[in-house]
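1. Could you look at this predicted model? Sequence included:
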Amino acid sequence: MVIENRFVCVQCGHTHVDPDARPGYWCGCCARWEGTTSQWFHGEVLAQAVGRCGTCGQPLAWSQRCNRQSISGATRDVACPGCGATTQLKLEFTNQLKPHDPVDRVFGLPLWLQAPCAGHILWAANSEHLDFLAAFISAKNRDVPQATLGERLPQWMVTAKNRTAVLRVVTRLRATLGS
């Protein structure tokens, strides 16, 4: 739901400030879609249809994990196990991305800047992200304030034994940008 310049998630209640707020967002907290369509999202979603049978009133539920592009339409026909009637229910989509997935949060597509590193995948969203990683990993003293990106980096990335490998991959990814 959009109120003034704030996106308010109807599921978790968290508020995200956006001066151009309008329907059409994945909530960053609970991953619920808010908007009229999410057809441009290409990643994995949980598609759900919940309601009641139009004939006998029995509760109905349908869900499926799938690639968003594999489901067309905004409704799903669900057969009632009680009376056998078919009821058309509205589909809702929840993205299945995890914070560490090397995938774009808006479109669900794989990030361009990703490479294997120390048995994991090192990824970055853009050149500024690469700059941050290089500066943070190469720093001798890492006093990390709470609620910052540095605090949320995975342990394998900040471990001293992986420092050289991480910096090598960051340099290689930066080279793919041509800068």
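-> Cool, the structure landed.

2. C-alpha only now, for contacts and for neighbours.
-> Fine.

3. Where do the domain boundaries of this structure fall?
-> Domain assignment for the chain by automatic domain parsing gives 1-36, 40-97, 113-176.

4. Nearest to residue 103, out of those?
-> Nearest of those to residue 103, taken as Cα to Cα: domain 40-97 at 7.8 Å.

5. mean confidence score for that closest one?
-> For domain 40-97, mean pLDDT is 85.

6. What is the distance between it and the centre of its chain?
-> Per Cα atoms, centre = their mean, to the nearest Å, the displacement of domain 40-97 from the mean C-alpha position of its chain is 21 Å.

7. residue boundaries of the helices in this structure?
-> Under the criterion DSSP state H, the chain contains helices at 127-138, 149-152, 155-158, 163-176.

8. Dump those to JSON lines, plus distance to residue 74 and mean pLDDT.
-> Below are the helices of the chain laid out as JSON lines (distance: least, Cα to Cα, whole Å; pLDDT from 0 to 100):
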{"stretch": "helix 127-138", "distance to residue 74": "36", "mean pLDDT": "93"}
{"stretch": "helix 149-152", "distance to residue 74": "36", "mean pLDDT": "76"}
{"stretch": "helix 155-158", "distance to residue 74": "41", "mean pLDDT": "92"}
{"stretch": "helix 163-176", "distance to residue 74": "39", "mean pLDDT": "96"}
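
9. Contact partners for the closest residue in space to residue 63 that isn't next to it in sequence?
-> Using Cα to Cα, 6 or more residues apart in numbering and skipping residues adjacent in sequence, the residue nearest residue 63 is residue 48, 4.3 Å away. Contacts for residue 48 (Cα atoms under 8 Å, 6 or more residues apart in numbering) come out as 61-64, 91-93.

10. Give me the pLDDT for residue 12.
-> 66.

11. what do you get for the one 3 residues further on?
-> Residue-level confidence at residue 15 comes out at 61, pLDDT.

12. where's the nearest residue to residue 93 once chain neighbours are set aside relative to residue 62, distance?
-> Excluding its sequence neighbours, the residue lying closest to residue 93 (Cα to Cα, 6+ apart) is residue 47, at 4.7 Å. In this view, residue 47 and residue 62 are 8 Å apart by Cα to Cα, to the nearest Å.
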